[in-house]
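Trainee: next comes the sequence, and after it the predicted model I'd like to discuss.
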Amino acid sequence: MNVIAGLHDVRLALEQDAANVIEVFVDGKRKDKRMIQVSSLAAKRGIPTHRVDKDELEHRAEGVRHQGVVAYCRERPSHSEASIEALLNELDHPPLILVLDGVQDPHNLGACLRTVDGSGADAVIVPADRACGITPVVSKVAAGAANSVPLFTVNNLSRTLDDLKALGIWIIGTAEDADQDVWQMDFSGPCAVVLGGEGSGMRPLTRKHCDLVTRIPMAGVVESLNVSVATGVVLYEVMRQRLS
């Protein structure tokens, strides 16, 4: 069962994915417009709503800032490695996949999912080991994208990258020491962009499976960007190229 907290996220769940919302808990003392809107949406969709005190909300929110509302939802369906090919076959445009090699911070994963949704990328792939999955914090930061973006958790990332290559997908890694800037890359064709985890970047084995490696040029004293910021830079460069 997934926990969603916050007025915006719970409202989105009720509007876009009500079939998977099990029940809603709201602050019994709040009767403002936004809270009434959430309660009304739940009632219209026949979802049980419970008025509780703040202590119970704190407990149910599992540490996430809840703004007076928490929803319990069914687990999002898991995507198997085999279903990646099925997703690609359904697309009517060159695929764009984000591969996150070991992102462990839920805030970063949530921000990456939000960027994937906004940039029009098709899916996210993460390894099963040493990586964050969907948590209440991820859902909160993703602002609805945790439900809209297909997330594939794979047991062997290297094998998955080879499988993508076999399907005609170019694997483009990112690293500080790459020779080619991201602005010089051609992202018009089917590609998977690989970004490494916090601090260490791509693992050496992952890099060996990349067809090309690119870098984001840095003009200041810092050597690299946060992974979620880097995701935004690269994916929106892909979007810019494809729109033009």
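Mentor: Yep, that arrived. What you see is a predicted model; the values in this text were computed from it and never measured.
Trainee: what mean pLDDT does the longest helix along the chain get?
Mentor: Ranked by residue count, the top helix of the chain under DSSP state H comes out as helix 227-243. Average pLDDT, helix 227-243: 96.
Trainee: do the same with stretch 156-174
Mentor: Mean per-residue pLDDT for stretch 156-174: 95.
Trainee: how is this structure divided into domains?
Mentor: Structural domains annotated on the chain: 2-73, 82-243, as defined by automatic domain parsing.
Trainee: got a list of what the residue nearest to the spatial centre of the chain touches?
Mentor: Centroid-nearest residue in the chain: L113, 2.1 Å away (criterion: C-alpha atoms, centre = their mean). Residues counted as contacts of L113 (C-beta atoms under 8 Å, 6 or more residues apart in numbering) are 124, 138, 141-142, 145-146, 149, 151. C-beta here means a position set from N, CA and C on the backbone, and glycine is covered the same way.
Trainee: try 6 Å this time
Mentor: By C-beta atoms under 6 Å, 6 or more residues apart in numbering, the contact list for L113 reads 142, 145-146, 149.
Trainee: dump the residues you listed to a markdown table, plus secondary structure and distance to L98.
Mentor: Listed next are those as a markdown table, based on DSSP: H, G, I helix; E, B strand; the rest coil; distance: C-beta to C-beta, whole Å:
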| residue | secondary structure | distance to L98 |
| --- | --- | --- |
| A142 | helix | 13 |
| A145 | helix | 12 |
| A146 | helix | 14 |
| V149 | coil | 9 |
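Trainee: mind giving me the PyMOL select for the residues you listed, buried ones only?
Mentor: A single PyMOL command selects the buried members of the contacts of L113 (16 or more other C-beta atoms under 10 Å):
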select buried, resi 142+145+146+149
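Trainee: distance to T49 added to the contacts of L113, as JSON lines?
Mentor: Output for those, formatted as JSON lines (distance: C-beta to C-beta, whole Å):
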{"residue": "A142", "distance to T49": "23"}
{"residue": "A145", "distance to T49": "25"}
{"residue": "A146", "distance to T49": "22"}
{"residue": "V149", "distance to T49": "28"}
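Trainee: how about the strands in the protein?
Mentor: With DSSP state E as the criterion, the chain has strands at 2-5, 21-27, 49-52, 69-73, 96-101, 123-127, 151-154, 170-174, 180-181, 191-196, 212-215.
Trainee: so for the fifth one, mean pLDDT?
Mentor: Confidence over strand 96-101, taken as the mean pLDDT, stands at 97.
Trainee: heads up, I number from 258, so please use that
Mentor: Right, with 258 as the first residue, what we last looked at is strand 353-358.
Trainee: so what strands line up beside it?
Mentor: strand 380-384 (parallel), strand 448-453 (parallel) (DSSP bridges).
Trainee: repeat for the first one
Mentor: Neighbouring strands of strand 259-262 in its sheet, by DSSP bridges, are strand 326-330 (antiparallel).
Trainee: name the residues that touch the partner strand?
Mentor: Contact with strand 326-330 is made by 258-259, 261-262, 264, 267, 270, 277-283, 295, 314, 317-318, as judged by C-beta under 6 Å, 6+ apart.
Trainee: good, wrapping up.
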